[in-house]
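1. okay, sequence plus prediction incoming.
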Amino acid sequence: MPHTRSLLPLLVATVLPGVGCALLAQKTPTPAARIGEAELAALQPQPGARHYLIVYGSQRKTRQPAYSHTWATVVTATDAPGCPDPDVVEETISWLPADLPIRTLNRKVVPGRNYGLHETVRYMLDTKQDLARWGPYEVSPRFAHRFRVQKGFLDSGAVGYQCIDTWGEAARTGTGCDCIHAITDMDPVYSRSGYPLAFYGFPASLRVVRRVMHSPVTIGAPRTHDWLLPRLGLDQYPIERREYHGRVEPYDPANGRVGLEQVAPPLRPGAPPQPKAPVPDSKGIEPGPKADVPPVPTPVPGVP
C-alpha cells in the first residue's frame, strides 16, 4: 500500500476532526479501567515477587501506519527457594488482527488476537520494521494487576481489532481497538482523546511510557533492569534501547499515591488538569548502563 494512501485515513480520523472523532469514540468496556480503590487495597502482594514493565515500539522508516506497532510486557520475577535466580513469567499485550496484515482503511471491527512476545518481534522483523524498547522498569503490584486484568479482557474475545478505532464501527460501538488503545484503555482517567492516533509507532510507545512515569507506578525509575532481557530471550534480537528522560512520580504506598487512578498530569494541550502532589526530587536517580545492540539474527519464519 502506498505511503500516502495508508496515511490519509489516519489524518482524516485523528488530525482533521481531532476534537470530534476522538472525543466521541467509545472506549472498550474493559474491567481494567473500573478497578476500584477497595479492590486495589485488598490486593495481597505475592511473597518474593517483583514486577517489571517493558514497552516496545516498531515502525518502518517510511512511517506507514500499517507497518507500525506498540506493545508491552509485564514480567513477574519470583524468588525460588534454593535457586540463585528468580522464576520469571512474562505476560504480553500485543493486539493485532487475527488475520494479518493490518488494513488501515478498514472501518469494521475484525477478530483480534493477542500475539506472543516472540512471534510479535519476529513478525515486525519479517516486515522490515525497526524495533525499540523502553525498560524494563520495576512497577508496583497494583499496576501489574491492572495490566493482567486488561490482558484477560483482550484474551476473552470480548473485543476485536480496528486499526483506526476513532471512526467507524469501533468508535460507534466500543467493540474494537487498535494496538495502542489495547494498552491504554485500562487507563481509569483518560479517554481515547488522551491517546490520539496522530502518534503511532515509536511516538505512541513513548507516550505510554510517559503516562506511566507521570503516575506513581514505577519503583526506582528511570533505572532499568536489563538482566531480564536474556531471561526473556530478547537479547537475540536487534531491538534498540531507548531511555526515558523526564519527570518521574515514584510509587509510594506509604502516602497513598500508588497508581494510574491517583495522579494523571495532562498528556496533551487541552486535557483537563488533575490534582497531584508535589513532584519529588529524582535527580539522584541514575539511568542504567546502555546495552549493546545485538547483531541481526538469522531470518525466521513469520507469524503462522
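-> Noted; the coordinates are in hand. Residues are numbered from 1 along each chain as shown.

2. for stretch 51-67, give the mean pLDDT please.
-> Across stretch 51-67, the average pLDDT comes to 96.

3. and the end-to-end length of it?
-> Chord length of stretch 51-67, first to last residue, is 30 Å (CA to CA, to the nearest Å).

4. which residues in this structure form strands?
-> 49-59, 68-78, 87-93, 95-97, 112-114, 130-139, 160-161, 176-177, 218-219, 239-242 (DSSP state E).

5. deepest in the core, which of the ones you listed is it.
-> Among those, strand 176-177 has the highest mean neighbour count (mean count of other CB atoms under 10 Å), at a mean of 28. (C-beta placed from N, C-alpha, C; glycine too.)

6. show me what that one is packed up against.
-> Judged by 3 or more CB pairs under 8 Å, 6 or more residues apart in numbering; DSSP states H and E, the packing partners of strand 176-177 are strand 160-161, helix 168-173.

7. please identify the most buried of these.
-> Most buried of those by mean neighbour count (mean count of other CB under 10 Å) is strand 160-161; its value is a mean of 24.

8. give me the contact list for it.
-> With CB atoms under 8 Å, 6 or more residues apart in numbering as the test, strand 160-161 has contacts from 95-98, 109-113, 170, 175-178.

9. and it, average pLDDT?
-> The average pLDDT for strand 160-161 rounds to 98.

10. next one: stretch 101-115
-> So the average pLDDT for stretch 101-115 ends up being 95.

11. quick one: the helices in the stretch 151-300 of the chain?
-> 168-173, 179-184, 202-213, 228-232 (DSSP state H, counting those that start in this stretch).

12. from the chain's centroid, how far away is the first one?
-> With CA atoms, centre = their mean, to the nearest Å as the basis, the distance from the averaged C-alpha position of helix 168-173 to the chain average is 22 Å.

13. what's in contact with it?
-> Applying CB under 8 Å, 6+ apart, the contact partners of helix 168-173 are 21, 24-26, 106-109, 160, 162, 164-165, 175-177.

14. kindly report the same for the shortest one.
-> By CB under 8 Å, 6+ apart, the surrounding residues in contact with helix 228-232 are Tyr52, Ile54, Thr73, Val75, Ala77, Asp85, Val88, Glu90, Leu117, Pro136, Asp235, Ala291.

15. columns distance to Arg223 on top of these, output as CSV?
-> Formatted as CSV, the contacts of helix 228-232 follow (distance: CB to CB, whole Å):
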residue, distance to Arg223
Tyr52, 11
Ile54, 14
Thr73, 18
Val75, 15
Ala77, 15
Asp85, 20
Val88, 19
Glu90, 20
Leu117, 22
Pro136, 10
Asp235, 19
Ala291, 13
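
16. from those residues, which single one is nearest Phe143?
-> Distance to Phe143 across the contacts of helix 228-232 (CB to CB) is lowest for Tyr52, with 10.4 Å.

17. ok, and the closest non-adjacent residue to that closest one?
-> Leaving aside its chain neighbours, Tyr52 sits nearest to Pro136 (4.0 Å; criterion: CB to CB, 6 or more residues apart in numbering).

18. out of the contacts of strand 160-161, who's nearest Ala32?
-> Of the contacts of strand 160-161, the one sitting nearest to Ala32 (CB to CB) turns out to be Cys177, at 12.2 Å.

19. what sits against the closest one?
-> Thr28, Trp95, Gly112, Val159, Tyr161, Gln162, Asp165, Ala170, Asp185.

20. and with 6 Å instead?
-> Thr28, Asp165 (CB atoms under 6 Å, 6 or more residues apart in numbering).
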